[in-house]
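> Dropping a prediction and its sequence here:
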Amino acid sequence: MKGANISEIIRIASNVSVIFPLAVYLAKASYASKRIHIIGMLVIVSGVCDVVGMYLFRQSSATAALFNAYYVIMFALMFWFYYEVVFIKSRRLIIWIGLAVYLQSFILITLYVQSFFEYQTLLWVITGIIMIIFSIEYFLYLFSARPTVNLLNYTTMWINSGVMVYFGFNLFLFLITNYVFTHLDREASILLWSFHNVNNILKNILFGIGLSMHRKKIADFQ
């Protein structure tokens, strides 16, 4: 029971944590750049999915399709984001390879391995690997440019760190999620998923800090 209470507190904190980046985005929206609006859209989608997921969970309804839809949208928005901040200028081959791998994986996994109405954990893992590669490419691009401004002032550096933390720490969990949700009892699965919720809180904090660093225009990395 104690574990269940802790998991519930973490889950609520994860859902509430989206308020931080959302509030900052709305405060900056009037002069935000395209890349900031992309992250803002991701934050809004995340918040909506959290609310819908909580409702479905309490109704004991299936949440697989919701999770899958969220990660498809997340991939699309993060692909757009990384194209804008890195790959529009260089290394374009990497992002197109990433897109090709994702689309092929989505089709094959949906048709032959895990349907859209069950947890497509293999696709989540592939998404995570692609996002980690994009994140590493951004760091390489950032440091190779030898910026003279403090890196902690770069909006996209914080956003990229959030992506790395979220997918890096969740990669193994994504791999076992289908087993966790379909074979373990409800309390055990909730407890394990709390690890994801902690990582989601960290991601939202990093996103919020990054968005708060955004100014009208002070550097190319903004």
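Yep, that arrived.
> and residue 181, how many neighbours?
By other CB atoms under 10 Å, the residues close to residue 181 number 20. C-betas here are computed from N, CA, C, even on glycine.
> which stretch of helix or strand covers it?
In the assignment (DSSP states H and E), residue 181 maps to helix 155-183.
> tell me the average confidence for the helix or strand following that helix?
Going down the chain from helix 155-183, the next helix or strand is helix 186-212, by DSSP H and E. Here helix 186-212 scores 89 as its mean pLDDT.
> got it, and stretch 130-144?
pLDDT averaged over stretch 130-144 gives 91.
> likewise stretch 51-70?
Averaged across stretch 51-70, pLDDT comes to 87.
> re earlier: quick check: buried residues in the helix holding residue 181?
Of all the residues in helix 155-183, those buried under the rule 16 or more other CB atoms under 10 Å are 155-167, 169-171, 173-174, 177-178, 180-181.
> Just the helices from the chain, written as ranges.
2-17, 19-28, 34-58, 64-82, 92-108, 121-144, 155-183, 186-212 (DSSP state H).
> chain center to stretch 47-55, what's the gap?
Relative to the chain's own centre, stretch 47-55 is displaced by 15 Å; criterion: CA atoms, centre = their mean, to the nearest Å.
> which residues are contacting that stretch?
With CB atoms under 8 Å, 6 or more residues apart in numbering as the test, stretch 47-55 has contacts from 11, 14-15, 18-19, 22, 63, 66-67, 69-70.
> Among these, which one lies nearest to residue 206?
residue 18 (12.6 Å; CB to CB).
> State the number of residues packed around that closest one.
Count around residue 18 with other CB under 10 Å applied: 24.
> for it, phi and psi?
phi -70, psi -20 (degrees, to the nearest 10).
> What's the local residue count around the nearest residue to it once chain neighbours are set aside?
Once flanking residues are discounted, residue 18 sits nearest to residue 47: 4.4 Å by CB to CB, 6 or more residues apart in numbering. Per other CB under 10 Å, the neighbour tally for residue 47 reads 18.
> try residue 70
20.
> which residues touch it?
Taking CB under 8 Å, 6+ apart as the test, what residue 70 contacts is 45-46, 49.
> Just give me the closest of those to residue 199.
Of the contacts of residue 70, the one sitting nearest to residue 199 (CB to CB) turns out to be residue 46, at 12.8 Å.
> Okay, the closest one and residue 183: tell me how far apart.
27 Å (CB to CB, to the nearest Å).
> Residue 162 touches residue 200, doesn't it?
No - the pair residue 162 / residue 200 is not scored as a contact, 9.9 Å apart, by CB atoms under 8 Å.
> Apart from its chain neighbours, what residue comes closest to residue 124?
Distances taken as CB to CB, 6+ apart put residue 174 closest to residue 124, at 4.1 Å, once the chain neighbours are dropped.
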